[in-house]
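S.K.: would you be able to build a 3D model of this:
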Amino acid sequence: MNRMKFKLRFARCVQLALALLCLVANSGAAVSAGTSHGNLELNGGQYPYTVFAPIGYTPTRPAPAILLVHGAGGNGPDFLKLWQGIAQKNGIILVAPTLPSGDKGAALESQVPQLFHALMGLARKQWNIDPRRIYLFGYSAGGYFTFDAAMLDSTYFAAAGVFAARITPEFAWIVQKAQRKTPIALYIGDHDQFFSRAQIRVTRDLLRASGFTVHYVEIINQDHNYPAVSDWVNQDAWTFMRGHSLPQ
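M.R.: Presented below is the predicted three-dimensional model:
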């Protein structure tokens with residue numbers, strides 16, 4: 001074989017190898033995107049969780065993430081589905097645990113910062129999540145947990161959103177525990193069956209008086225049914241939250 005033929009064959013082999021590497025890399029990205037499930041064991045409790053990574057997720061580029069906290073009687077997978085479209089469009093990783101409600105949920109409240117931190121720690125081992133852009137969104141009972149984490153782990157979560165939940169007067173002290181004034185978006189329907197606009201306004205005013213940035217929205221002709229308006233609320237909440245990140 002003369003030198004010219006050898007060079008041509010070698011060049012073709014290199015091109016084939018590069019093409020194969022690209023194929024493998026692309027296959028890995030396709031497999032990693034989508035929905036996966038896990039289970040966290042913490043302090044004797046079992047907490048199943050669901051993660052969604054958008055198609056097009058690239059391990060070399062840090063992605064924002066939202067921890068989603070469902071309401072009483074709900075679950076992580078169903079709550080995650082309400083956010084999936086926006087997450088795909090905006091390249092967001094979603095983490096949605098299934099948490100107990102009732103007495104067990106109330107008992108869990110003191111462990112919320114530790115639990116949420118542990119959940120995001122597991123997600124960050126698998127996905128390249130931007131540590132400065134980790135957010136929270138909670139609905140109803142999940143809103144209480146969201147307030148807890150936003151106040152007690154304020155240097156971890158960049159911003160938060162809450163639909164139909166408040167900081168009750170006996171827990172007003174919690175805002176003083178925040179090392180950082182976590183920006184928060186609050187949503188309430190004017191026909192909510194469980195919370196009045198006056199109650200949510202008290203929470204809004206408490207936060208603002210304490211130096212928090214608050215995006216407050218009252219939704220006309222809306223009750224406690226978050227899924228009915230989730231498309232609009234989620235987009236509005238994301239527009240607010242993405243404007244905030246943790247300091248360098």
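
S.K.: give me the mean pLDDT for the helix or strand hosting Met120.
M.R.: Assigned by DSSP states H and E, Met120 belongs to helix 112-126. Averaging pLDDT along helix 112-126 yields 91.

S.K.: with just CA atoms, put it into PDB.
M.R.: Taking Å, rounded to 0.1, in the frame of the first residue of the first chain, the C-alpha atoms of helix 112-126 are listed here in PDB:
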ATOM      1  CA  VAL A 112     -38.200  19.800  55.900                       C
ATOM      2  CA  PRO A 113     -34.900  21.700  55.300                       C
ATOM      3  CA  GLN A 114     -32.900  18.500  55.900                       C
ATOM      4  CA  LEU A 115     -35.200  16.400  53.700                       C
ATOM      5  CA  PHE A 116     -35.300  18.900  50.800                       C
ATOM      6  CA  HIS A 117     -31.600  19.400  51.000                       C
ATOM      7  CA  ALA A 118     -31.100  15.600  50.900                       C
ATOM      8  CA  LEU A 119     -33.400  15.200  47.900                       C
ATOM      9  CA  MET A 120     -31.700  17.800  45.900                       C
ATOM     10  CA  GLY A 121     -28.300  16.300  46.900                       C
ATOM     11  CA  LEU A 122     -29.400  13.000  45.300                       C
ATOM     12  CA  ALA A 123     -30.600  14.700  42.200                       C
ATOM     13  CA  ARG A 124     -27.300  16.700  41.900                       C
ATOM     14  CA  LYS A 125     -25.300  13.500  41.900                       C
ATOM     15  CA  GLN A 126     -27.100  12.300  38.800                       C
END
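
S.K.: contacts for that helix?
M.R.: Helix 112-126 has contacts (C-beta atoms under 8 Å, 6 or more residues apart in numbering) with 36, 38, 40, 42-43, 47, 49, 51, 65, 67, 93, 95, 97, 108, 129, 131, 134, 136, 145, 148-149, 152-153, 156-157. Quick note: C-beta positions are derived from backbone N, CA and C, even for glycine.

S.K.: same question, stretch 144-153
M.R.: For stretch 144-153, using C-beta under 8 Å, 6+ apart, the contacting residues are 67, 69, 99, 108-109, 112-113, 116-117, 136-138, 156-157, 160-162, 165, 167, 171, 174-175, 177-178, 182, 184.

S.K.: please list only the buried members of the residues you listed.
M.R.: Buried by 16 or more other C-beta atoms under 10 Å: 67, 69, 99, 108, 112-113, 116-117, 136-138, 156-157, 160-162, 165, 167, 174-175, 178, 182, 184, out of the contacts of stretch 144-153.

S.K.: just the ones of these in helices?
M.R.: Among the buried ones among the contacts of stretch 144-153, DSSP state H puts Leu108, Val112, Pro113, Phe116, His117 in helices.

S.K.: of the residues you listed, closest to His215?
M.R.: Nearest to His215 among those, counting by C-beta to C-beta, is Phe116 at 21.3 Å.

S.K.: in a strand, Asn221, correct?
M.R.: No - Asn221 is assigned coil when assessed by DSSP: H, G, I helix; E, B strand; the rest coil, not a strand.

S.K.: neighbours around it, how many?
M.R.: Neighbours of Asn221 under the rule other C-beta atoms under 10 Å: 8.

S.K.: and if you look at Val233?
M.R.: 22.

S.K.: just Thr168 next, same as before
M.R.: 13.

S.K.: so what's it up against?
M.R.: Counting by C-beta under 8 Å, 6+ apart, there are no residues that Thr168 touches.

S.K.: how far away is it from Asn234?
M.R.: Remark: distance between Thr168 and Asn234 (C-beta to C-beta, to the nearest Å) = 25 Å.

S.K.: just Asn225 next, same as before
M.R.: Asn225 is 14 Å from Asn234, by C-beta to C-beta.

S.K.: between these two, point out the one with more neighbours.
M.R.: Remark: of Asn225 and Asn234, Asn234 carries more neighbours, 22 against 13, as counted by other C-beta under 10 Å.
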